[in-house]
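Engineer: Let's see this in three dimensions:
(chains A, B, C, D, E and F)
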Number of protein chains: 6
Amino acid sequence: MFYHIKELQYNAKPERPDPVYAKKLQEILGGQFGEMSVMIQYLFQGWNCRGEQKYRDMLLDIGTEEIAHVEMIATMIAQLLDGAPVKDQEEAAKDPVIEAVLGGMNPQHVIVSGLGATPTDSVGYPWNARYTIASGNLLADFRANLNAESQGRLQVVRLYESTTDPGVRDMLSFLIARDTMHQNQWMAAIEELEQNQKAIVPSTFPQELEKQEVSYSFMNFSKGEESAKGRWASGPTLDGQANFEYIANPEAMGQIPNLNPSPAYIHGSPIPGQIPPGVQNSKYDQQPPLSH
Amino acid sequence: MFYHIKELQYNAKPERPDPVYAKKLQEILGGQFGEMSVMIQYLFQGWNCRGEQKYRDMLLDIGTEEIAHVEMIATMIAQLLDGAPVKDQEEAAKDPVIEAVLGGMNPQHVIVSGLGATPTDSVGYPWNARYTIASGNLLADFRANLNAESQGRLQVVRLYESTTDPGVRDMLSFLIARDTMHQNQWMAAIEELEQNQKAIVPSTFPQELEKQEVSYSFMNFSKGEESAKGRWASGPTLDGQANFEYIANPEAMGQIPNLNPSPAYIHGSPIPGQIPPGVQNSKYDQQPPLSH
Amino acid sequence: MFYHIKELQYNAKPERPDPVYAKKLQEILGGQFGEMSVMIQYLFQGWNCRGEQKYRDMLLDIGTEEIAHVEMIATMIAQLLDGAPVKDQEEAAKDPVIEAVLGGMNPQHVIVSGLGATPTDSVGYPWNARYTIASGNLLADFRANLNAESQGRLQVVRLYESTTDPGVRDMLSFLIARDTMHQNQWMAAIEELEQNQKAIVPSTFPQELEKQEVSYSFMNFSKGEESAKGRWASGPTLDGQANFEYIANPEAMGQIPNLNPSPAYIHGSPIPGQIPPGVQNSKYDQQPPLSH
Amino acid sequence: MFYHIKELQYNAKPERPDPVYAKKLQEILGGQFGEMSVMIQYLFQGWNCRGEQKYRDMLLDIGTEEIAHVEMIATMIAQLLDGAPVKDQEEAAKDPVIEAVLGGMNPQHVIVSGLGATPTDSVGYPWNARYTIASGNLLADFRANLNAESQGRLQVVRLYESTTDPGVRDMLSFLIARDTMHQNQWMAAIEELEQNQKAIVPSTFPQELEKQEVSYSFMNFSKGEESAKGRWASGPTLDGQANFEYIANPEAMGQIPNLNPSPAYIHGSPIPGQIPPGVQNSKYDQQPPLSH
Amino acid sequence: MFYHIKELQYNAKPERPDPVYAKKLQEILGGQFGEMSVMIQYLFQGWNCRGEQKYRDMLLDIGTEEIAHVEMIATMIAQLLDGAPVKDQEEAAKDPVIEAVLGGMNPQHVIVSGLGATPTDSVGYPWNARYTIASGNLLADFRANLNAESQGRLQVVRLYESTTDPGVRDMLSFLIARDTMHQNQWMAAIEELEQNQKAIVPSTFPQELEKQEVSYSFMNFSKGEESAKGRWASGPTLDGQANFEYIANPEAMGQIPNLNPSPAYIHGSPIPGQIPPGVQNSKYDQQPPLSH
Amino acid sequence: MFYHIKELQYNAKPERPDPVYAKKLQEILGGQFGEMSVMIQYLFQGWNCRGEQKYRDMLLDIGTEEIAHVEMIATMIAQLLDGAPVKDQEEAAKDPVIEAVLGGMNPQHVIVSGLGATPTDSVGYPWNARYTIASGNLLADFRANLNAESQGRLQVVRLYESTTDPGVRDMLSFLIARDTMHQNQWMAAIEELEQNQKAIVPSTFPQELEKQEVSYSFMNFSKGEESAKGRWASGPTLDGQANFEYIANPEAMGQIPNLNPSPAYIHGSPIPGQIPPGVQNSKYDQQPPLSH
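Structural biologist: Down below sits the predicted model:
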């Protein structure tokens, strides 16, 4: 169960309205790696957690914090929209700057939300739940979380670079710092889990059942071998089980596919020289005449 | 540019048709973490790569391999659908097993694709490009890739557990092995990048600009402190800059939001005691009568 | 069955082209609360209607009218796009006003639809059927309809404020008037239904089966009690069954969740101190060696 | 900002697992009118609220409660999935009941979420933000909320009818009761707002600007006049401004559309008898030869 | 403007309910190539038509007919759902056939629509407007229409094969016949247009501006030359301008891409040996200290 | 299986950056008829092909070429984004041209992809797999392919008209030429197939089972008969089986629908004069009291 307090987790006060920037800021609210994504992702990971209670508690703590981040950014966006130049459209036509602002805004910020934040990204695409994952395997999911915080911090930094409003930057500096913590947090949690199990997810699948001939081979599917220069092409593998092998000219190991013709009732492509499928249609042949 | 050869990368030959399993297998073809996702993700990361050539080459090598994985699974699905009991529906009603098969199949495997694989997941939801990321920051993206391979291998293993068809398991054992490699590969590439830059993405944002008071604090947003027991709550942080701090009772640091009333032309909620917005509507007052 | 006549229900003649406004106007054509939504919603409610014929007839009457509204707005948009400055792009660079128009347009109005209306909203997001509801319960659905006409009229008014073109305003004044009627219509139909059944949807569920202790309680899930000042917090309830109760400090009434560990074949997170799931994997143990 | 407590708002304890029912129950978690929808809808209405503080507070109180409802249902689903028969697939083929369960389950409950709830509906379609509205006009939005609680309670009741598990019914009886309250709450809030403004949203648009000839007319767009029998076709309108008028044979009031031919650079359909557009293509004629 | 008459265009009377078939039949109502798609596609092509009036009239005639097809199928589905076994779930567990029916149904047909048709396809995916096209070029669009009617008739035939209900087959036999007409219609319209313009869309682009070296070459991007055996690999081209050429070993004609490093404010991947981007960040260097 | 070579199929070198044009160019990369669509469509048609090997080979040849087209356009977009004016936002406010560029760009090209191409269209909508079809019937699918190449070439031509950059035009001239080939190719393949089977898809359905009275009738669902002037309204049909018939006043041939009331457990609308459904609710009456 949850409680709300009226204060924001941190300040969200722009110095001045900026409706074009409000559109951009939507990315970290309702975008693929915005705060809604981590909020829903962490909460579902917590609610579905079948592991130790400390993981459930930790996931719900951070998920609860993310609701507050959504709240801060939504509040910021509403204020950035305060002075949106909707009204004097006729005048705007005479002033290229205002016209440009009107052109650069998200029109739904006026028509649909009436100067409010929307649960969408910076191109107006609505947030959807396929942005999130809760797989039931904590190591897999913590890697998803580390990725989300990495992409998220990168996007916030780019938005920081795109404004000079001190109030906006102040709020973003808080989010950037929290993302520093959250990257550290997931790296720490990953390290802890990797000490208790193997590094390859899932660690519980018996490795003798996998096709081990190709478990540690880098395959070079192109002309030229620049890809041989990386850490992934030689030296011990990260799971400590083998050495990387570089296959310069990988060969196909499988068959040339040859699918059966489809049965008559599928009405696929007739194959010349074969009896036309329609004639084989026993349903047609055997059924009594229909009453139409 | 690309070339195709007719042989599959590895065998994809089921022992017998199984249209219900074909529906499930779609998850690793066109699902959130299916082969289409990694194929598109790696190719776009490669095409957009502004870093060293070895990264571009490596990304395109593995992206090219993933096209072959899509090909293998699509081929497998088409064969699993071979004997789909579409026709004798009336008979099926008498045989609960056939009825169950019909009920458990994806109806689009008959109606839409005519016993072919579809670029959708196991509930028939179409693949979409928001499953992928290419951010222009390799460390961020390699973490996305490690996550994708972790989720992917987990799903393949669950599908392995859900069938006993030796042909299907043989193909899955190949994919599981490749995912072992690919998890190793991304871990290796991450290690290499982290040695050249700081572990926090993006490493190039000056840390004195972030709100450093909260850069290393775990905030406990719940009653009870189970979350204090993890590696993320004490000890040195993973970026080596500080020690984790556990805030048992985090306080709000921000304002209570108080938004301005919306301007009249937005037609938001009238506020009692204020002059009704409609009356203030200067556009209405000042404009000449319209001709309607 | 349906017939078409060539005249529009009302005039749709702009005074001059305005491709930026055309983009905005798409919101009430193909947006969440645009005319396509009410058209499909009313038609499906009518076709699925299992109640009295007068409701079916009424729903199909208004659904048929909405097709005409879609037609009017599509026609208007095509004309607003008439002078879209696509061609002289090089010149545009020199003229900020034309450049702003190009930037503010929906590029698909040129590239995809060739100066025609599209079944999308003002950010180009395609209309989809999850915008609509036909639940089989008329009172529930008429509330959906009243909402749709309220949101719809609000959006049309905001678009009216955003243009001074007399021809566009003339058409919008017609749509606003029809929305006045349609809000009245749904309020009247709701009143009629509420006189024949209880106000709570569905009225046929035996209320003694619901957890009646909490059927009339407002729960204050925040610090501070501003929410106690509303009509919803005291006085008789609107269904006439009780008085509102204000719970200032709602307590949890449920358990602390504690989920079972997942079975081995799920390959969830291994739990330290337990036998690793992989070892328990009877499928692996018991199955004969596979032929790969 | 938000806090979490570990207890659920109400019990969520099924008597026995039922993975087919778990799939159905997803509808009120992540469906169009599920708890995620009202949670996000109320929170955004609260965060964007530019009206009196009591509305903001009330909206955030109920939004915060809805997070707890999401939590309860997610917890219930995870437990209903406890005994999902994934493993012994071969055995299942021999037992039609198990086969039917496997066929009736959502396969992603095994493959993707590892026996956890997902933010999707009962057909596996992911929740998306276009299910919600926060328009900046409280009367409009409270009608949306009344609709959401009406559709929601209807769906919960249907799910109540579809199970006999006492534990599931116990939880649903709580949700049904809360929906009774929430329908009452929005009716009360609507009543309060309608007393301060006119019933037609938005109340601030000057009615003399709308096309008043058609503001109170029901138009019969079909043969037959069953639709004349309703409250919406005669008597005083609900806004108290007029009487309903029934137009038995509504006539078109608009023009026959006649669009201009598209300019040459659009490459629309050539019109016979006109100079082919390609020839008029001044860009082609006037530009210097390109270097390709 | 449109009028409705109460009779259906053709009979839609099943002999008996069949809720599993109702789910399948949704494909041709709200699927990619269902009747909603052609309805919206033809109507928008008509409304946007800038060509001769006969095309606009024809498009709106057929678009209007398609609304009637949507109506017929929706009516059929509602009746097929009549006896849906929702209630006696406990009993169902004992009867595998009923259990199979419950497992094979779309659960939303009970929970969401209350035994009504929904604007979705056979896997419950909602119809969306990206299924349609109205490009402003009639020849292009008539090819889209011919495709839609070809895919549509194929799907109806497959559904015809999947039932033996004479009432359902009767309705489908009508739809199949109309699709015969509509395929003929679009072929005729295409033939007419191709006589007035060249066969390549758009016919108005000056062909000397295209890279004519590759305008008639089939490129064999695989080992083996089975693809040389088709009509597309030799003989005169269908536009009558040339002969097909078969390129057995197509060579790359373009550059090896080499993208510029991203500017510092993008925070892409640092490139070893270069000055770290963060240091170049003039914004950081030059800005006055922020007040946070 | 696939191989990659580093050279592009054709040059993709813009003369200068143009981030607004980069946004537009996305349409033919990740739009409904962009290169990703044909790539996935042809590959799946090939992998699912149950016809002659020459079709499979041809489909995979052209599908493989389309991957190279995606690569070219992605590379072009990355270069067009090179000089995106993100940084000096403060300066931009003073320069309307830069401001317009910022307003006209896709903000995700900075925030999300860091100056890289994205798998989305020109309004930022992500590519999804419902853009494609592989039906198992080659004639149906080749018509889909001819449509895709027609729409695609039309869009490329419009984009050619929207730029004067010689490098961009050079690449587009190559794509236009290939689309000329591909339209010819599909027309040739269609001609070949139509010689082996009837022109109506599917050719294998026995025509005596369709409702032949309406198989060749054009129905005029509007006032006025402009639609009688086309090739589709008279003369021999294109399948050579009959003559077109023009029905000036088509009559309804079906019933007036009259659906059964829904069963009590659906909680549809109560019908006045009938026993309220809740009372009939045997589940409620007969079940033992629940333990809540």
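Engineer: neighbours around the closest residue to A:E225 other than its chain neighbours, how many?
Structural biologist: Spatially, and ignoring its direct neighbours in sequence, A:E225 is nearest to A:A248 (6.2 Å; Cβ to Cβ, 6 or more residues apart in numbering or on different chains). Any C-beta I mention is one placed from the backbone N, CA and C, and that applies to glycine too. Counted with other Cβ atoms under 10 Å in any protein chain shown, the neighbours of A:A248 add up to 10.
Engineer: Quickly find the element holding A:R56.
Structural biologist: Per DSSP states H and E: A:R56 is located in helix A:53-80.
Engineer: now for that helix, which elements pack on it?
Structural biologist: Under the contact criterion of 3 or more Cβ pairs under 8 Å, 6 or more residues apart in numbering or on different chains; DSSP states H and E, helix A:53-80 touches helix A:19-25, helix A:27-30, helix A:35-47, helix A:166-196, strand B:217-219, strand D:2-4, helix D:35-47.
Engineer: Output these as a markdown table; include the columns mean pLDDT and mean neighbour count.
Structural biologist: A markdown table is the format used below for the helices and strands packed on helix A:53-80 (pLDDT from 0 to 100; neighbours: other Cβ atoms under 10 Å in any protein chain shown):
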| stretch | mean pLDDT | mean neighbour count |
| --- | --- | --- |
| helix A:19-25 | 95 | 25 |
| helix A:27-30 | 98 | 26 |
| helix A:35-47 | 98 | 25 |
| helix A:166-196 | 97 | 22 |
| strand B:217-219 | 97 | 22 |
| strand D:2-4 | 98 | 23 |
| helix D:35-47 | 98 | 26 |
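Engineer: out of those, which comes closest to D:S217?
Structural biologist: Ranking the helices and strands packed on helix A:53-80 by proximity to D:S217 (Cβ to Cβ) places helix D:35-47 first, at 33.1 Å.
Engineer: Just want the angle from that closest one to helix D:166-196.
Structural biologist: Angle of helix D:35-47 versus helix D:166-196, following axes from the mean of the first three to the mean of the last three Cα atoms, to 10 degrees, is 30 degrees.
Engineer: Tell me both backbone torsions, phi and psi, for A:L238.
Structural biologist: phi -70, psi -20 (degrees, to the nearest 10).
Engineer: so which helix or strand takes in whatever residue of the stretch 1-150 of chain A ends up closest to chain B?
Structural biologist: Nearest residue of the stretch 1-150 of chain A to chain B: A:L8, at 3.1 Å (Cβ to the nearest Cβ). Under the assignment given by DSSP H and E, A:L8 is not contained in any helix or strand.
Engineer: Surely it and B:N258 touch.
Structural biologist: No - using Cβ atoms under 8 Å, A:L8 makes no contact with B:N258, being 11.2 Å away.
Engineer: neighbour count winner among those two?
Structural biologist: Remark: of A:L8 and B:N258, A:L8 carries more neighbours, 23 against 11, as counted by other Cβ under 10 Å.
Engineer: and the gap between the closest residue to A:Q41 other than its chain neighbours and C:A12?
Structural biologist: Excluding the flanking residues, the one nearest A:Q41 by Cβ to Cβ, 6+ apart is A:T132, at 4.0 Å. The spacing between A:T132 and C:A12, counted by Cβ to Cβ, to the nearest Å, is 43 Å.
Engineer: again with A:W232
Structural biologist: 61 Å.
Engineer: which of these two has more neighbours?
Structural biologist: In terms of neighbours (other Cβ under 10 Å), A:W232 is the more surrounded of A:W232 and C:A12; the figures are 27 against 24.
Engineer: For that one, give its distance to D:G230.
Structural biologist: 72 Å.
Engineer: just A:L80 next, same as before
Structural biologist: 46 Å.
Engineer: could I get the helices and strands packed on helix A:53-80 as CSV with distance to E:I62?
Structural biologist: Output for these, formatted as CSV (distance: least, Cβ to Cβ, whole Å):
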stretch, distance to E:I62
helix A:19-25, 40
helix A:27-30, 40
helix A:35-47, 43
helix A:166-196, 53
strand B:217-219, 62
strand D:2-4, 55
helix D:35-47, 37
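Engineer: Quickly list the domain ranges of chain A.
Structural biologist: According to automatic domain parsing, chain A comprises the domains A:19-196, A:207-247.
Engineer: returning to what we had before: ok, the residue of the stretch 1-150 of chain A closest to chain B - contacts?
Structural biologist: Listed by Cβ atoms under 8 Å, 6 or more residues apart in numbering or on different chains, the contact set of A:L8 reads A:A68, A:E71, A:M72, A:T75, B:A252, B:M253, B:G254, B:Q255, B:I256, B:P257, D:M1.
Engineer: Can you tell me which of the residues you listed are buried?
Structural biologist: A:A68, A:E71, A:M72, A:T75, B:G254, B:P257, D:M1 (16 or more other Cβ atoms under 10 Å in any protein chain shown).
Engineer: Surely A:N243 is in contact with A:Y216?
Structural biologist: Yes - at 6.9 Å, A:N243 counts as touching A:Y216 under the criterion of Cβ under 8 Å.
Engineer: joint contacts of these two?
Structural biologist: A:T237.
Engineer: more neighbours, those two?
Structural biologist: A:Y216 (19 against 9).
Engineer: quick one: contacts for that one?
Structural biologist: Residues near A:Y216 by Cβ under 8 Å, 6+ apart: A:T237, A:Q241, A:A242, A:N243, A:F244, A:E245, B:T180, B:M181, B:N184.
Engineer: So for it, what's the pLDDT?
Structural biologist: As predicted, A:Y216 sits at a pLDDT of 97.
Engineer: which residue packs closest to it, ignoring adjacent ones?
Structural biologist: A:Y216's closest residue in space is A:A242 (Cβ to Cβ, 6+ apart), at 4.3 Å.
Engineer: distance of A:S173 from A:P166?
Structural biologist: In terms of Cβ to Cβ, A:S173 sits 10 Å off from A:P166.
Engineer: A:R50 too?
Structural biologist: Taking Cβ to Cβ, one finds A:R50 at 46 Å from A:P166.
Engineer: Could you do A:G30 as well?
Structural biologist: 25 Å.
Engineer: Name the helix or strand for A:Y246, please.
Structural biologist: For A:Y246, the element it lies in under DSSP H and E is strand A:245-247.
Engineer: and if you look at A:N145?
Structural biologist: With DSSP H and E as the criterion, the answer for A:N145 is helix A:138-161.
Engineer: pLDDT (mean, whole number) over that helix?
Structural biologist: 98.
Engineer: other SSEs contacting that helix?
Structural biologist: So helix A:138-161, by 3+ Cβ pairs under 8 Å, 6+ apart, packs with helix A:27-30, helix A:35-47, helix A:166-196, helix B:138-161, helix F:108-111.
Engineer: could you dump it to PDB, C-alpha only?
Structural biologist: What follows is the C-alpha trace of helix A:138-161 in PDB, where atoms were taken according to Å, rounded to 0.1, in the frame of the first residue of the first chain:
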ATOM      1  CA  LEU A 138      16.800 -11.200 -10.800                       C
ATOM      2  CA  LEU A 139      20.200 -11.300 -12.500                       C
ATOM      3  CA  ALA A 140      18.600 -10.900 -15.900                       C
ATOM      4  CA  ASP A 141      16.400  -8.100 -14.600                       C
ATOM      5  CA  PHE A 142      19.100  -6.200 -12.800                       C
ATOM      6  CA  ARG A 143      21.000  -6.100 -16.100                       C
ATOM      7  CA  ALA A 144      17.800  -4.600 -17.600                       C
ATOM      8  CA  ASN A 145      17.800  -2.100 -14.800                       C
ATOM      9  CA  LEU A 146      21.400  -1.100 -15.300                       C
ATOM     10  CA  ASN A 147      20.700  -0.600 -18.900                       C
ATOM     11  CA  ALA A 148      17.600   1.500 -18.200                       C
ATOM     12  CA  GLU A 149      19.600   3.800 -15.800                       C
ATOM     13  CA  SER A 150      22.400   4.100 -18.300                       C
ATOM     14  CA  GLN A 151      20.200   5.100 -21.200                       C
ATOM     15  CA  GLY A 152      18.100   7.300 -18.800                       C
ATOM     16  CA  ARG A 153      21.100   9.200 -17.400                       C
ATOM     17  CA  LEU A 154      22.400   9.700 -21.000                       C
ATOM     18  CA  GLN A 155      19.100  11.200 -22.100                       C
ATOM     19  CA  VAL A 156      18.900  13.500 -19.000                       C
ATOM     20  CA  VAL A 157      22.400  14.700 -19.700                       C
ATOM     21  CA  ARG A 158      21.500  15.500 -23.300                       C
ATOM     22  CA  LEU A 159      18.500  17.400 -22.100                       C
ATOM     23  CA  TYR A 160      20.700  19.300 -19.600                       C
ATOM     24  CA  GLU A 161      22.900  20.300 -22.600                       C
END
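Engineer: No further questions, thank you.
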